[in-house]
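J.: build me a structure from this.
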Amino acid sequence: MKGIIPQGKPWTQEASPPLPPQGAGYVTLRSRHSLGNGTIKMVPLLSLRLGITHLLLFALFLAAVPLSLSAEAQTHVIGTLLLEISGKTQEQTLKSDLAIVPYADEFASEAAMVRKLEERKKNLLSKRIYSQADYSCELTASTDEQMVYSVTYNIVEVPTVLFIPYGIYDSNYGGRAGIKLYDSNFLGIRSDLKFKAYLSQLNPSAFNQYKLSAEVTADKLQLFGKRLDLGAGIQTDTDGWSLKNSVFKAKANYYGMNIGPTSIDLFSDISLTKQDNTIFTWGSPTINFRIVWQMIPLLANSLRYESKITYYKLGPSWALPELTFTNQIRTQLFSILDQQVSGSLTNVFGYKTEDQSVITNDVDIELSTSFTIFEEIKQGLAVSLLTNHTAAAFETVEFASRNSFSQGNVDAVGNFREGYNLKLTLSTLMPLNKGIAELFSSFSTVTRLEASYYTMLGVDFNLGLRGSAFLATGTAVENPVDPGNFLRGITNVNRPKEYGFAGLNVSTGITFELFDFDTALSGYPLKADVLLTPFLDFSVFQENAQFIQTWPSWSELTGGAELLMIFNRLKKYPLSAVFGFSLLDTAAWLTGSGNFSDIDFEVVILLDMF
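T.: Numbering: from 1, shown residues only. Coordinates of the predicted model:
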């Protein structure tokens with residue numbers, strides 16, 4: 001049994017055999033050495049004619065050999081893990097984070113064991129909810145084979161609950177005021193509790209039309225030892241004292257139910273709407289229920305089965321809804337050049353109970369694989385055959401392919417970032433049930449590139465570059481770019497929402513530390529690092545296929561600065577303040593072709609998840 005170590009008899013001087021008298025012509029050597037698991041015997045040697053000096057040296061050499069072998073075979077193990085916790089984190093949660101199981105790992109040296117403990121310490125601190133994770137080791141048992149240690153971690157938490165009011169004013173949206181409540185260690189099990197509520201203007205020039213919104217989510221809860229996510233929210237528009245366009249949403253997800261060797265995840269959500277406060281019935285329900293059944297044994301492979309039912313009805317009545325049944329089976333099929341090829345069969349069946357003649361039936365057969373080339377570049381490839389059975393059998397048949405490449409990783413270095421990552425996706429789509437001429441004329445491609453690059457300039461400056469690019473041929477794609485993720489300084493009210501063929505976003509900035517903030521409020525020490533990031537962002541969009549011959553149909557250039565305050569005791573919740581404005585609008589004002597009041601700008605003060 002692991003952990004029960006037989007105690008061997010240590011070798012002592014008295015245990016060695018007596019030396020023969022000087023002058024003996026023939027001797028027989030027999031040596032015993034206890035190793036804990038048994039005894040090693042050296043069988044009688046051949047007769048040797050030796051002098052006493054040579055015999056003594058030879059005997060000492062033989063005695064040293066088993067001692068050195070015993071020392072090399074000695075291992076180091078953690079026999080006991082103790083936790084001293086200053087905070088609300090439950091012990092079982094911390095043990096799960098540390099991933100240290102007594103007697104599970106044997107280390108060749110004490111240094112190797114310490115490296116493991118140090119790695120676990122860094123992992124805890126990276127979660128940004130602990131300010132201290134020191135450890136100590138105590139030797140509790142020792143044999144010739146094994147040294148057993150008791151390890152104690154001293155864990156000190158930082159405050160994980162934050163309640164803050166906030167306000168935002170934007171030249172496009174008007175004002176917004178709200179509150180946020182975050183707890184990244186809810187119930188002491190590192191579940192995430194988030195509550196936010198706000199009141200915002202519907203019209204920047206009107207002060208009697210607002211949107212009210214409130215939402216609460218609790219993720220990574222525990223129910224019967226499995227993960228549970230819950231959430232609910234409501235929002236409504238106000239016009240004076242009237243409420244309209246109200247929407248209620250709720251979700252409940254449960255993960256990891258085990259049935260034999262299989263695992264089941266359950267997902268459910270509901271959405272209800274109400275047009276105005278004169279109608280008390282919530283209507284237009286949309287209900288989704290999804291089950292994911294994984295690791296179903298099938299010969300030498302396993303199946304993944306996913307089923308989804310959607311219930312939808314427009315209007316106040318819940319009767320005669322539209323039903324959609326989606327079923328998918330996915331499994332590994334075969335290997336090519338040591339790479340696994342997976343296959344999936346998806347069927348989407350739509351049915352209108354109010355009009356039984358409206359039936360849709362889509363079938364998608366897909367093959368996919370992923371592999372690594374040049375030891376760094378990860379590549380994924382997928383091809384699919386899509387068919388649609390409506391009035392005529394398989395009225396539409398299309399062939400689609402998707403190929404993606406990714407490389408690199410971005411790591412946190414203190415308050416800065418360093419590294420790069422790239423992701424390139426190539427997709428094609430063409431019909432198979434049409435003539436050759438239509439096949440080539442309808443052939444379309446979509447290429448997307450996302451990239452990030454961070455590097456240190458000296459020891460004080462952190463250069464950051466992020467970008468996304470999009471190019472389509474044959475068929476335009478809806479919303480090919482999302483400036484909201486890259487373009488700071490405007491709220492994107494006027495950003496492109498139509499179909500387009502090309503787009504590019506580039507976000508640049510240099511981050512450096514301004515100063516250290518250190519003060520005390522009501523005796524509570526408050527320390528923070530204050531960082532500043534001047535930025536310059538650029539975005540273009542082309543809505544027609546002539547993206548080479550014509551100037552982009554939409555473009556924007558913004559500049560500004562972002563101020564970030566990272567509190568030492570609240571690293572999870574830095575305070576961010578952003579001021580940005582349109583450089584194109586500013587250039588128009590300076591050249592006399594625009595007005596100062598037309599300059600689009602944004603001032604945002606908010607709490608961000610760093």
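J.: from here on, just use CA atoms for contacts and neighbour counts.
T.: Noted.
J.: quick one: the helices in the stretch 451-600 of the chain?
T.: Counting by DSSP state H, counting those that start in this stretch, the stretch 451-600 of the chain forms helices over residues 583-590, given from the N-terminal end onward.
J.: so where's it shaky on pLDDT?
T.: Confidence mapping of the stretch 451-600 of the chain against pLDDT under 70 gives the ranges 476-486, 491-498, 519-525, 546-550, 569-570, 572-573.
J.: swap in 80 and give it another go.
T.: By pLDDT under 80, the weakly predicted segments of the stretch 451-600 of the chain are 474-500, 517-526, 543-553, 567-574.
J.: ok, how many other residues are close to the residue lying closest to Asn301 once chain neighbours are set aside?
T.: The shortest distance from Asn301 to any residue that is not its chain neighbour, by CA to CA, 6 or more residues apart in numbering, is 6.4 Å, and that residue is Gln332. A count of neighbours around Gln332, defined by other CA atoms under 10 Å, yields 19.
J.: with Leu386 instead?
T.: Counted with other CA under 10 Å, the burial measure for Leu386 works out to 20 neighbours.
J.: what's the helix or strand for it?
T.: Secondary-structure element containing Leu386, defined by DSSP states H and E: strand 377-389.
J.: can you give me the mean pLDDT across that strand?
T.: Looking at strand 377-389 alone, the average pLDDT works out to 72.
J.: so what does the one helix or strand Gln340 maps to touch, helix or strand wise?
T.: In this structure, Gln340 is located in strand 339-352 according to DSSP H and E. Helices and strands touching strand 339-352, by 3 or more CA pairs under 8 Å, 6 or more residues apart in numbering; DSSP states H and E, are strand 322-336, strand 359-373.
J.: what's in contact with the last one?
T.: Meaning strand 359-373. If you take CA atoms under 8 Å, 6 or more residues apart in numbering as the criterion, strand 359-373 is touched by 339-352, 378-390.
J.: ok and that strand relative to strand 339-352, angle-wise?
T.: Orientation check (axes from the mean of the first three to the mean of the last three CA atoms, to 10 degrees): strand 359-373 against strand 339-352 gives 160 degrees.
J.: quick check: phi and psi at Leu98.
T.: Per-residue torsions, Leu98: phi -70, psi -30 (degrees, to the nearest 10).
J.: ditto for Ala112
T.: Per-residue torsions, Ala112: phi -70, psi -40 (degrees, to the nearest 10).
J.: list the contacts of it.
T.: Under the criterion of CA under 8 Å, 6+ apart, Ala112 has no contact partners.
J.: ok, it to Lys122 distance?
T.: Counting by CA to CA, to the nearest Å, the gap from Ala112 to Lys122 is 16 Å.
J.: do the same with Glu322
T.: 52 Å.
J.: these two: who's more crowded?
T.: Neighbours were tallied for Glu322 and for Lys122 using other CA under 10 Å; the higher tally belongs to Glu322 (18 against 12).
J.: report how many residues lie close to the nearest residue to that one once chain neighbours are set aside.
T.: Across the structure, with CA to CA, 6+ apart as the measure, the residue nearest Glu322 apart from its sequence neighbours is Lys352 (4.5 Å). The burial count assigned to Lys352 is 17, neighbours taken as other CA under 10 Å.
J.: specify the beta-bridge partners of Tyr420.
T.: According to DSSP bridges, the partner residues bridging Tyr420 are Asn409, Tyr453.
J.: with Thr75 instead?
T.: Going by DSSP bridges, Thr75 is paired in beta bridges with Gln146.
J.: on that earlier part again, so which of the helices and strands packed on strand 339-352 is nearest Glu138?
T.: Across those, Glu138 has its closest neighbour in strand 359-373 (43.7 Å, CA to CA).
J.: any idea of the angle that closest one forms with strand 322-336?
T.: Counting by the same axes, to 10 degrees, strand 359-373 points 30 degrees away from the direction of strand 322-336.
J.: direction included, what does strand 359-373 pair up with?
T.: Each strand paired with strand 359-373, and its direction, by DSSP bridges: strand 339-352 (antiparallel), strand 377-389 (antiparallel).
J.: show me which residues of that strand are buried.
T.: For strand 359-373, the buried set under the neighbour-count rule, 16 or more other CA atoms under 10 Å, comprises Ile359, Asn361, Asp362, Val363, Asp364, Ile365, Glu366, Leu367, Ser368, Thr369, Ser370.
J.: beta partners of the fourth one?
T.: Looking back up the chat, that one is Val363. Legend: beta-bridge partners of Val363 under DSSP bridges are Asn347, Thr387.
J.: quick one: Ala469 and Glu450 touch, right?
T.: Yes: in this structure, Ala469 is within contact of Glu450 by CA atoms under 8 Å, at 6.6 Å.
J.: more crowded one of those two?
T.: Neighbour count, other CA under 10 Å: between Ala469 and Glu450, Ala469 has more, with 20 against 17.
J.: still on that earlier bit, okay if I get the strands paired with strand 359-373 as JSON lines plus distance to Glu602?
T.: Written out in JSON lines, the entries for the strands paired with strand 359-373 read as follows (distance: least, CA to CA, whole Å):
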{"stretch": "strand 339-352", "distance to Glu602": "44"}
{"stretch": "strand 377-389", "distance to Glu602": "39"}
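J.: touching stretch 175-189 from outside, list them.
T.: Residues outside stretch 175-189 that contact it (CA under 8 Å, 6+ apart) are 88-90, 93, 129, 160-169, 190-201, 204, 221.
J.: so what's the residue count around Val247?
T.: 19.
J.: you'd agree it is in a helix?
T.: No: using DSSP: H, G, I helix; E, B strand; the rest coil, the secondary structure at Val247 is strand, not a helix.
J.: grab the nearest non-local neighbour of it.
T.: For Val247, ignoring the flanking residues on the chain, the nearest one in space by CA to CA, 6+ apart is Thr273 at 4.4 Å.
J.: same deal with Leu557?
T.: Taking CA to CA, 6+ apart as the measure, Leu557 lies nearest to Phe538, with 4.6 Å between them; neighbours along the chain are not counted.
J.: my read: that neighbour touches Ser507, true?
T.: Yes: contact criterion CA under 8 Å: Phe538 and Ser507 qualify, at 6.5 Å.
J.: joint contacts of those two?
T.: With the criterion set as CA under 8 Å, 6+ apart, the overlap between the contacts of Phe538 and Ser507 is Leu487.
J.: hang on, Glu118 in a strand?
T.: No: read with three-state DSSP, Glu118 is helix and lies in no strand.
J.: Glu157 versus that one, what's the distance?
T.: Between Glu118 and Glu157 the distance is 18 Å, computed by CA to CA.
J.: who has more neighbours, those two?
T.: Each of Glu118 and Glu157 had its neighbours counted (other CA under 10 Å), and the higher figure belongs to Glu157 (19 against 15).
J.: that one against Leu125, yeah?
T.: No: here Glu157 lies out of contact with Leu125, judged by CA under 8 Å, at a distance of 9.8 Å.
J.: give the residues shared as contacts by these two.
T.: A shared contact of Glu157 and Leu125, defined by CA under 8 Å, 6+ apart, is any residue touching both; here these are Ser131, Gln132.
J.: no more questions from me, cheers.
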